[in-house]
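**Student:** missing the sequence, but the structure's below:
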DNA sequence: CGCACAACTGTTATAATGTTTCGAAAATGC
DNA sequence: GCATTTTCGAAACATTATAACAGTTGTGCG
């Protein structure tokens, strides 16, 4: 995420939190910034040492901030990687899908209604009530596929 | 899984392994049995103490068996639960979806072509090559929804 | 058979991820 | 300002997973 996009993301986050009446504290802002700056999903323990200038913070510090950001839909957790990634469109609640490149580590967030819809209707057929869908596809992105073929 | 279904599952597993030229050792059989006997997904560390009569086995023992069973498609790993579940139809490779009840803990394995297909085509649009799709939906099953409403 | 090799298993130690708990500090509302 | 709620700091601990190395068992083959 480039500097400009980052600033927009932080501003959006701040506005959303104000609107929802929840506190977007300096610490939460900092964690969101660190997650967004990364090109790839980042683990909680990668963020940790970047929180304090002197000694590194303790795990609950970062997990609390991440929990808050998850609740507010400002970041997503990738279960298959045990890592976090900034949300690309936090304005509205949504069911996302993630394409995770096993080669370069980059992740593409989709918001595909066909996938979400087919999942919803399949669940409905069995009487199941979905709360949180987790859809992550491990594979190879277009760029890395191309690179591999040209070798 | 009842006793009869379990025996069938173990026999099927044995036949599949023989056919593929891989070893279905006593230990692997035992781990598969323990996973299948459970009504719910089981963690690796739940299986561990059941492996030895005297002292409990060490983690790598059970993880190695589970890795084998995963490779052979005889069990699935639920990433959101860090737990394992017996596969309901191991005969053919397949992309499954899992409906996980947060209330009773039970899991329903789906094999829905509409979901798999829409995911495939969404990935294809971006040039992404899927290897391992992970589709897990946390929610409430029909039975538990009914129970909750009748209270 | 008996040897060589590969595959599987045991064991110790350690890494990586996540949680509980208790208490201090800061912000909020009145 | 003062009580209440929320957030933050810190120590200890729980859970999940892997690395490394040695021993054992099975398999193929002369």
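**Tutor:** Good, I have the coordinates. Fair warning: this is a prediction, and the values are worked out from it, not measured in the lab.
**Student:** what's the burial count for residue A:26?
**Tutor:** 7 (other CB atoms under 10 Å in any protein chain shown). In short, each C-beta sits where N, CA and C put it, glycine included.
**Student:** give me phi/psi at it?
**Tutor:** Residue A:26 adopts backbone torsions of phi -60, psi -40, taken as degrees, to the nearest 10.
**Student:** please apply the same query to residue A:82.
**Tutor:** Backbone torsions for residue A:82, taken as degrees, to the nearest 10, come to phi 50, psi 50.
**Student:** for it, what are its contacts?
**Tutor:** Residue A:82 sits next to residue A:43 when contact means CB atoms under 8 Å, 6 or more residues apart in numbering or on different chains.
**Student:** mind pulling up the pLDDT for it?
**Tutor:** On the pLDDT scale, residue A:82 is placed at 98.
**Student:** where does the prediction get shaky in chain A?
**Tutor:** Scanning chain A for pLDDT under 70 picks out A:53-54, A:151.
**Student:** just the strands in chain A please.
**Tutor:** With strands called from DSSP state E, chain A shows them at A:75-78, A:83-86, A:97-101, A:107-110, A:129-140.
**Student:** show residues contacting the second one.
**Tutor:** Translated: strand A:83-86. A:1, A:9, A:32, A:35-36, A:38, A:40-44, A:47, A:66, A:69, A:74-78, A:98, A:107, A:109.
**Student:** now do the buried residues in the top helix by length along chain A.
**Tutor:** With secondary structure taken from DSSP state H, chain A has its longest helix at helix A:3-20. Within helix A:3-20, the residues that count as buried by 16 or more other CB atoms under 10 Å in any protein chain shown are A:9, A:10, A:13, A:16, A:17.
**Student:** which of the residues you listed lies closest to DNA strand D?
**Tutor:** residue A:17 (9.3 Å; CB to the nearest atom of the strand).
**Student:** which non-adjacent residue is nearest that closest one?
**Tutor:** residue A:24 (3.8 Å; CB to CB, 6 or more residues apart in numbering or on different chains).
**Student:** does stretch A:94-113 come close to chain B?
**Tutor:** Yes: shown here: stretch A:94-113 in contact with chain B (CB under 8 Å from any CB of the partner chain) through A:97, A:99, A:101, A:102, A:108, A:110, A:112.
**Student:** gap between stretch A:42-61 and the chain center?
**Tutor:** 18 Å (CA atoms, centre = their mean, to the nearest Å).
**Student:** now tell me what touches it from outside.
**Tutor:** Residues outside stretch A:42-61 that contact it (CB under 8 Å, 6+ apart) are A:27, A:30-31, A:34-35, A:38, A:62-63, A:66, A:81-85.
**Student:** in that stretch, what counts as buried?
**Tutor:** Applying 16+ other CB under 10 Å to stretch A:42-61 flags A:42, A:44, A:46, A:47, A:48, A:50, A:51, A:61 as buried.
**Student:** adding distance to DNA strand C, write the residues of stretch A:94-113 next to chain B out as TSV.
**Tutor:** Formatted as TSV, the residues of stretch A:94-113 next to chain B follow (distance: CB to the nearest atom of the strand, whole Å):
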residue	distance to DNA strand C
A:97	19
A:99	20
A:101	17
A:102	15
A:108	21
A:110	22
A:112	25
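**Student:** if we look at DNA strand D, which of the buried residues of helix A:3-20 are close to it?
**Tutor:** The subset of those within reach of DNA strand D, by CB under 7 Å from any atom of the strand, is empty.
**Student:** looking at those residues, which is nearest chain B?
**Tutor:** residue A:9 (21.7 Å; CB to the nearest CB).
**Student:** outline the domain layout of chain A.
**Tutor:** A:3-86, A:97-149 (automatic domain parsing).
**Student:** and these as a markdown table, adding distance to residue B:130?
**Tutor:** Shown next, in a markdown table, are those (distance: least, CB to CB, whole Å):
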| stretch | distance to residue B:130 |
| --- | --- |
| domain A:3-86 | 13 |
| domain A:97-149 | 4 |
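**Student:** on that earlier part again, in CSV: the strands of chain A, plus mean neighbour count.
**Tutor:** Output for these, formatted as CSV (neighbours: other CB atoms under 10 Å in any protein chain shown):
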stretch, mean neighbour count
strand A:75-78, 20
strand A:83-86, 23
strand A:97-101, 24
strand A:107-110, 18
strand A:129-140, 19
